[in-house]
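Engineer: What follows is a predicted protein model with its sequence.
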Amino acid sequence: MQSREEILAETTSKMTAAVEYLHEAFRAVRSGRATSGLVENIRVDYYGNPTPLSQMAGITVPEPRQIVVKPYDVSVVKEVEKAILKSDLGLTPQSDGKVIRLTVPMLSEEQRKKQVGKVKEEAENTRVALRNIRRDINKQAEALQKDSVLTEDDLHKCRDEIQECLKGHEKKVDEIVTKKTEEIMAI
């Protein structure tokens, strides 16, 4: 049976994972500046297996508007190009047969607003996930109270602490969204 401390540790762990997922997802959102995060998780068909680009190529950013992808196996350059074209990044790869260069164009005002919309949508999905975690953990705590593992006072304290944990993680989500929005809207 779980104690109140174990329930809170589980809550914190799950909520932190949800916020970290959001942070990782934002690495792939275009802001007009080149970052390796834009292409790292693009899946490339590598001998029949969808493989993240970061596992099969060196990715560098030599200039603020350019990403260079150098596959470890030059025989897959064409597959990498196809995967980049299929992605929703809107980048056109330029290849010399060994290295792929991606030029990240400036975003128009309309494109920036669209990206901010994506950011806010993803953030809201994370907030929903956090609330679902709270709901599930509260149910666990209630079950423990019914099984006489937790007292009624412990249940109320546990619910309050879970709510505080939720508020803290929602605040982190807001901070991440604000930072990413400012990065996108900066010229």
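Structural biologist: Right, received. Where do you want to start? Owing to the predicted nature of the structure, the values given are computational and were not obtained by experimental measurement.
Engineer: Report the separation between the residue nearest to the spatial centre of the chain and residue 159.
Structural biologist: For the chain, the residue nearest the mean C-alpha position is residue 25 (2.2 Å; CA atoms, centre = their mean). Going from residue 25 to residue 159 by CB to CB, to the nearest Å gives 29 Å. From N, CA and C alone the C-beta is placed, and that goes for glycine too.
Engineer: Got the domain ranges for the protein?
Structural biologist: 4-27+108-185, 36-103 (automatic domain parsing).
Engineer: Take those and lay them out in CSV including mean pLDDT.
Structural biologist: Putting the domains of the chain into CSV (pLDDT from 0 to 100) gives the following:
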stretch, mean pLDDT
domain 4-27+108-185, 90
domain 36-103, 86
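Engineer: on that earlier part again, does the residue nearest to the centre of the chain touch residue 123 like I think?
Structural biologist: No: at 9.4 Å, residue 25 does not count as touching residue 123 under the criterion of CB atoms under 8 Å.
Engineer: From the contact counts, what lies against the biggest helix by length in the chain?
Structural biologist: Secondary structure of the chain per DSSP state H: the longest helix is helix 109-146. Contact partners of helix 109-146 among helices and strands, from 3 or more CB pairs under 8 Å, 6 or more residues apart in numbering; DSSP states H and E: helix 4-27, helix 152-185.
Engineer: export those helices to CSV and tack on distance to residue 87?
Structural biologist: Shown next, in CSV, are those (distance: least, CB to CB, whole Å):
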stretch, distance to residue 87
helix 4-27, 14
helix 152-185, 18
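Engineer: Of those helices, which is nearest residue 89?
Structural biologist: Counting by CB to CB, residue 89 lies closest to helix 4-27 out of those; the figure is 12.3 Å.
Engineer: Quick check: what element follows the closest one along the chain?
Structural biologist: The helix or strand immediately downstream of helix 4-27 is strand 43-46, counting by DSSP states H and E.
Engineer: by contact count, what packs against that next one?
Structural biologist: strand 49-52, helix 77-86.
Engineer: again, only using 10 Å
Structural biologist: strand 49-52, strand 66-71, helix 77-86 (3 or more CB pairs under 10 Å, 6 or more residues apart in numbering; DSSP states H and E).
Engineer: what's the closest of these to residue 101?
Structural biologist: strand 66-71 (5.6 Å).
Engineer: one step back: now the angle from the longest helix of the chain to helix 152-185?
Structural biologist: 170 degrees (axes from the mean of the first three to the mean of the last three CA atoms, to 10 degrees).
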